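K.L.:
Predicted model follows, preceded by the sequence.
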Amino acid sequence: QVQLVESGGGLVQAGGSLRLVCTASGRTFTYAMAWFRQVPGKEREFVARINWSSSITYYTDSVKGRFTISRDNPKNTVYLQMTSLQPEDTAVYYCAADRNLGTDNWRYWGQGTQVTVSS
């Protein structure tokens with residue numbers, strides 16, 4: 001069983017930066033990890049994903065060049081470094097884990113952390 005806990009969210013002005021942290025319980029170093037976000041009333045949106053060795057990353061177009069996903073396997077931790085934040089980045093951000101990088105049905109989810117970007 002894998003449990004995920006996100007942290008690092010908060011309130012930031014447009015143009016600012018935040019780093020989200022997802023800490024996993026259990027041995028997740030062989031798992032793909034991902035970040036999603038959701039705005040109330042909208043579907044959850046994929047943001048970024050990374051394979052177990054950090055050799056493969058994918059990003060949604062709207063965050064390319066601004067967000068960076070990374071992981072530290074010995075610490076069972078995945079990060080989302082967010083820069084040049086914009087009000088449209090405001091959402092609850094969720095961490096997810098699955099054995100399959102290409103899955104559309106991520107098995108494990110965290111509880112989410114709120115990111116609010118003020119204009």
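P.N.:
Nice, I can see it.
K.L.:
Leaving out chain neighbours, which residue sits closest to the spatially most central residue of the chain?
P.N.:
In the chain, the centroid-proximal residue (Cα atoms, centre = their mean) is W35; its distance is 2.5 Å. Among residues not flanking W35 along the chain, V47 sits closest, at 4.4 Å (Cβ to Cβ, 6 or more residues apart in numbering). Any C-beta I mention is one placed from the backbone N, CA and C, and that applies to glycine too.
K.L.:
All the strands of the protein, in order from the start?
P.N.:
Along the chain, the stretches classed as strands by DSSP state E are 3-7, 10-13, 18-25, 32-38, 45-50, 57-59, 67-72, 77-82, 91-98, 108-109, 113-118.
K.L.:
now these as JSON lines including mean pLDDT?
P.N.:
Below are the strands of the chain laid out as JSON lines (pLDDT from 0 to 100):
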{"stretch": "strand 3-7", "mean pLDDT": "97"}
{"stretch": "strand 10-13", "mean pLDDT": "98"}
{"stretch": "strand 18-25", "mean pLDDT": "96"}
{"stretch": "strand 32-38", "mean pLDDT": "98"}
{"stretch": "strand 45-50", "mean pLDDT": "98"}
{"stretch": "strand 57-59", "mean pLDDT": "98"}
{"stretch": "strand 67-72", "mean pLDDT": "97"}
{"stretch": "strand 77-82", "mean pLDDT": "97"}
{"stretch": "strand 91-98", "mean pLDDT": "97"}
{"stretch": "strand 108-109", "mean pLDDT": "96"}
{"stretch": "strand 113-118", "mean pLDDT": "98"}
